[in-house]
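Student: need coordinates for the following:
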Amino acid sequence: MENKTLCPHCESNSIKKNGSRQTQNRGKIQRYQCKECNYRFTKDEGFFRMRNHPKKITASIDLFFGGLSTRKVQAHLKAFFPHNCTNMTVYNWVIKYSKKISKFTDGLKLEVGCELQIDEQSHNREGEQNWLIDSIDSKTRFVVASSFRKSRGQIEIKEVLSLARYKTQGNITTITSDGHRVYPRCIKKIFGYNNKLGKHNVFHNVVCASKGQGFNVPIERFHNNVRDRTKIMRGFHGSVESADTILKGYVIYYNFIRKHQGINCSPFELATDVKLENPNKWIELIEMANK
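Tutor: Below is the predicted model of the structure:
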């Protein structure tokens with residue numbers, strides 16, 4: 001992928017290297033000078049003014065979503081880096097870069113199959129029951145849209161379905177859900193209803209495990225992975241927004257970082273045209289999100 005460096009002052013692409021700046025923890029950082037306006041600058045690749053090395057930051061994020069608590073990540077870093085950070089710093093990195101990357105990934109158009117599965121999963125936050133509402137493509141296993149909210153009513157369901165419809169570009173012909181009673185009305189509102197034929201523009205496939213109709217395996221497997229990660233947190237603490245950001249970060253980890261055993265690759269390789277060539281996929285995603 002071509003990555004042009006532009007002058008942040010005049011946006012000219014006529015630039016030249018102009019020495020380097022030595023930092024305590026990030027080593028040497030390349031300086032540039034614009035040939036048009038003589039403005040000197042360092043390139044912002046998503047880690048501008050960060051005091052820690054990008055590899056250390058992204059390693060911390062990867063360890064967190066891999067299952068370690070922020071305190072265990074801090075203890076791990078202490079063993080390998082002379083300049084340690086606090087557990088709250090690790091948490092701030094997780095929040096900052098989950099937000100940054102999700103803004104990029106939420107804008108991606110997807111090449112998916114014809115079936116979308118949607119479901120909700122309950123989570124404890126500050127002693128009350130909140131809900132993760134998400135949808136997944138059954139073919140590529142890509143989590144298309146997700147949202148963490150206080151309830152699972154029509155407004156919240158329609159928010160997820162609306163984003164899923166935008167990202168899948170009209171490829172969906174079947175939506176599979178459980179028997180939650182708000183789904184028929186939400187699907188009709190978002191995907192439309194054909195009055196002449198007397199049916200939805202997409203087929204609503206209802207599968208209720210409580211009635212012995214089986215399980216929606218792709219989305220239930222994703223929920224099991226989410227539960228494995230969150231159970232050691234003993235519930236979410238803080239605002240709904242912070243919990244939503246953490247779970248969006250886990251969706252990024254699930255879609256782009258980890259290898260899915262069912263398809264023998266990461267879901268993004270089948271569902272998007274994004275190419276990640278760096279073994280450290282976090283750094284490459286942050287650079288893409290920063291453009």
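
Student: now the strands for the stretch 101-250 of the chain?
Tutor: For the stretch 101-250 of the chain, applying DSSP state E, counting those that start in this stretch gives strands covering 115-125, 128-137, 143-149, 174-177, 193-194, 199-200, 203-206.

Student: return the helix or strand in this structure with minimum mean pLDDT.
Tutor: strand 199-200 (a mean of 72; mean pLDDT, DSSP states H and E).

Student: in whichever strand or helix holds residue 65, what's buried?
Tutor: Using DSSP states H and E, residue 65 sits within helix 54-66. Neighbour counts over helix 54-66 (16 or more other CB atoms under 10 Å) mark 54, 56, 57, 58, 59, 60, 61, 62, 63, 64, 65 as buried. Every residue, glycine included, has its C-beta placed from N, CA and C.

Student: show residues contacting that helix.
Tutor: Residues from elsewhere that reach helix 54-66 (CB atoms under 8 Å, 6 or more residues apart in numbering): 25-26, 45-47, 50, 70, 72-73, 76-77, 81, 85, 90, 93-94, 97-98, 229, 249-250, 253, 257, 280, 282-283, 286.

Student: helices of the stretch 151-291 of the chain, start to end?
Tutor: Using DSSP state H, counting those that start in this stretch, the helices of the stretch 151-291 of the chain run over 154-168, 183-191, 217-230, 240-252, 268-271, 281-289.

Student: would you confirm that residue 45 contacts residue 289?
Tutor: No: with contact defined as CB atoms under 8 Å, residue 45 does not count as touching residue 289 (10.4 Å).

Student: more neighbours: which of those two?
Tutor: Counted by other CB atoms under 10 Å, residue 45 and residue 289 do not tie: residue 289 has more neighbours, with 18 against 15.

Student: so what's the nearest residue in space to that one that is not next to it in sequence up against?
Tutor: Closest residue to residue 289 apart from its sequence neighbours, by CB to CB, 6 or more residues apart in numbering: residue 104 at 3.7 Å. Counting by CB under 8 Å, 6+ apart, residue 104 touches 285, 288, 289.

Student: what's the answer for residue 129, then?
Tutor: 122, 123.

Student: in this structure, where is pLDDT below threshold?
Tutor: 1-3, 24-25, 197 (pLDDT under 70).

Student: picking up where we left off before, give me the buried entries from the contacts of helix 54-66.
Tutor: Buried among the contacts of helix 54-66 by 16+ other CB under 10 Å: 26, 46-47, 70, 73, 77, 85, 90, 93-94, 97-98, 229, 249-250, 253, 257, 282-283, 286.

Student: picking up where we left off before, export the helix holding residue 65 to PDB, keeping only CA atoms.
Tutor: The C-alpha trace of helix 54-66 is given here as PDB (Å, rounded to 0.1, in the frame of the first residue of the first chain):
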ATOM      1  CA  PRO A  54       5.100   1.400  19.300                       C
ATOM      2  CA  LYS A  55       6.200  -2.200  19.700                       C
ATOM      3  CA  LYS A  56       5.800  -2.000  23.500                       C
ATOM      4  CA  ILE A  57       2.400  -0.300  23.100                       C
ATOM      5  CA  THR A  58       1.000  -2.800  20.600                       C
ATOM      6  CA  ALA A  59       2.500  -5.800  22.600                       C
ATOM      7  CA  SER A  60       0.500  -4.500  25.600                       C
ATOM      8  CA  ILE A  61      -2.700  -4.300  23.700                       C
ATOM      9  CA  ASP A  62      -2.200  -7.700  22.200                       C
ATOM     10  CA  LEU A  63      -1.500  -9.300  25.600                       C
ATOM     11  CA  PHE A  64      -4.600  -7.600  27.000                       C
ATOM     12  CA  PHE A  65      -7.000  -8.900  24.400                       C
ATOM     13  CA  GLY A  66      -5.200 -12.300  24.500                       C
END
